[in-house]
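>>> fold the following for me, if possible:
(one chain, ligands or ions: 2)
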Amino acid sequence: MDVEWFKEAFEHMLEGIIMMDSSRRITYMNPLAHQMTGWELAEPVPFCSYCQIRYVKEGEERCVLANPDPLPAFQATLPTYKGLNESFEMSLSPFFIKDQKYWVLVLRNPKWTTEKQQLKIKQLLIHDTMSAQEAERIRIARELHDHIGQTVYSVFLGLQSMKSYIQDEDFTSHLKKMEAGLGKTLEDIKRLSKELHPSTLEHLGLETTLRRFAKDWSLLYGVECTSDIDLEGTHLSKEHSLHIFRIIQEAVLNAVRHGDPKLVTIQLKVKENQVQFEIFDNGIGFDVKNKQSKGLGRYHMIERIHMIGGEIQWISEKGKYTIVEGYVPLGEIENERTDY
Ligand SMILES: Nc1ncnc2c1ncn2[C@@H]1O[C@H](COP(=O)(O)OP(=O)(O)O)[C@@H](O)[C@H]1O
Ligand SMILES: [Mg+2]
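Numbering: from 1, shown residues only. Ligands and ions are numbered 1, 2, ... in the order given. The predicted structure follows:
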């Protein structure tokens, strides 16, 4: 493997890597090391706050990590370009090139790694919770459709066949009411199982699914819900389609639940290598900066969009309108996860 290969690997490491000669002059440093310390090539690496003042016996190296049998890692502060003494976790190991001794110093910012780790763990937990939630929704949708739906349907058919045997007018009118009630229940079951798991997403894609849902939402919520969607030529993964669908579903539901609008519009288009979306409603609006709400809807929308590398924002004027707008980069879509 050539030098370029190693350089490339070092440039992408999550630790600061510094190579220095026996007089501590920097011979190589990866971009992260430079970013962390601000030190330059050929400059000497300063001693850490501990080594600067420690008592050094004769024949001993000042750097505590440069002595035989050193600690695997050592945490201390180092002078950086910011002038601040920043805390780093360091490890140091020697290596030889043509009998010349060099050192490789590995720097980690403990605060930075813990913060990053915590963020990553949080993202993974949210991802797993959402996957579990989606799996549960699929299970409930199936149960509703296949079992409860079928049972209600057979009762519905039974009632219909009973009608011809009943002459009594009161009974017939009672039966008709029951029939209408069951018909409505069947419709509700169908709608609920569709909302829980929009199976058309997989077969027909996001565009067709949203168009159909916009029509259903108009009827269901008694508002004018229009869709202007053009995703032609864009292949969205199952994961992306589902996240975008759930975001739009929550935005529409929020509009009708909280905004009392006459009109809700859904726009989705591909522009500048992004899928851009906008959900507008002419309802009562709200204070978008108010974080007091106990609801999780907006929080989940933000988490979902971040999981696919996009951004989302709310713009609203009280008494006038609310707009939920955002985008998903198309480049991210090529690197999709497929475990949904
Ligand atoms: N389109 C909208 N019109 C008016 N208010 C909205 C709209 N979207 C969100 N809100 C406000 O933001 C709050 C938080 O929404 P959300 O996080 O989805 O929680 P929830 O819907 O469970 O209350 C809502 O309670 C509502 O006050
Ligand atoms: Mg909500």
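>>> for the protein, which segments are assigned as strands?
Under the criterion DSSP state E, the chain carries strands at the ranges 16-21, 26-29, 74-79, 85-97, 100-108, 224-230, 263-271, 274-281, 311-317, 321-329.
>>> show residues contacting stretch 198-217.
Stretch 198-217 is touched from outside by 141, 191, 194, 223, 225-227, 229-231, 236, 238, 241-242, 244-245, 248-249, 252, 256, 264, 266, 268, with contacts defined as CB atoms under 8 Å, 6 or more residues apart in numbering. C-beta here means a position set from N, CA and C on the backbone, and glycine is covered the same way.
>>> hang on, the earlier thing: so which of the strands of the chain is nearest ligand 1?
With CB to the nearest ligand atom, the closest approach to ligand 1 among the strands of the chain belongs to strand 321-329: 3.7 Å.
>>> wait, isn't residue 18 in contact with residue 32?
No - between residue 18 and residue 32 no contact is recorded; they are 10.0 Å apart, counting by CB atoms under 8 Å.
>>> and the two? which has more neighbours close in?
For the pair residue 18 and residue 32, the greater number of neighbours falls to residue 18 (25 against 20), based on other CB atoms under 10 Å.
>>> near ligand 2, which residues of the stretch 151-300 of the chain?
Taking CB under 5 Å from the ion, the part of the stretch 151-300 of the chain that reaches ligand 2 is made up of 254, 295, 297.
>>> from what I see, residue 223 and residue 261 are in contact.
Yes - counting by CB under 8 Å, a contact exists between residue 223 and residue 261, whose distance comes to 5.9 Å.
>>> shared neighbours, those two?
Counting by CB under 8 Å, 6+ apart, the shared contacts of residue 223 and residue 261 are residue 255.
>>> spit out the contact partners of the closest residue to residue 111 other than its chain neighbours.
If the residues on either side of it in the chain are set aside, residue 111 comes closest to residue 87, at 7.1 Å by CB to CB, 6 or more residues apart in numbering. The contact partners of residue 87, taken as CB under 8 Å, 6+ apart, are 75, 76, 77, 109, 110, 111.
>>> let's go with 10 Å and repeat that
Taking CB atoms under 10 Å, 6 or more residues apart in numbering as the criterion, residue 87 is in contact with 48, 49, 75, 76, 77, 78, 109, 110, 111.
>>> and for residue 91?
Taking CB under 10 Å, 6+ apart as the contact definition, residue 91 lies against 15, 65, 70, 71, 72, 73, 74, 104, 105, 106, 107, 108.
>>> and for residue 67?
Residue 67 makes contact with 56, 57, 59, 60, 61, 92 under the criterion CB under 10 Å, 6+ apart.
>>> check the spacing between the residue of the stretch 201-340 of the chain found nearest ligand 2 and residue 61 real quick.
When scored by CB to the ion, the stretch 201-340 of the chain has residue 297 as its residue closest to ligand 2, at 2.7 Å. Between residue 297 and residue 61 the computed distance is 60 Å (CB to CB, to the nearest Å).
>>> quick one: low-confidence parts of the stretch 101-250 of the chain?
The model of the stretch 101-250 of the chain has no residue with pLDDT under 70.
>>> picking up where we left off before, overlap between the contacts of residue 67 and the residues near ligand 1?
The residues of the contacts of residue 67 that also fall near ligand 1, by CB under 6 Å from any ligand atom, amount to none at all.
>>> ok, and the most crowded of these?
Among these, the one with the most neighbours (other CB under 10 Å) is residue 92, at 21 neighbours.
>>> residues in contact with the nearest residue to it once chain neighbours are set aside?
The spatially closest residue to residue 92, leaving aside those adjacent along the chain, is residue 65, at 3.7 Å (CB to CB, 6+ apart). For residue 65, the contacting residues are 48, 51, 71-74, 76, 90-93, 103, 105, taking CB under 10 Å, 6+ apart as the criterion.
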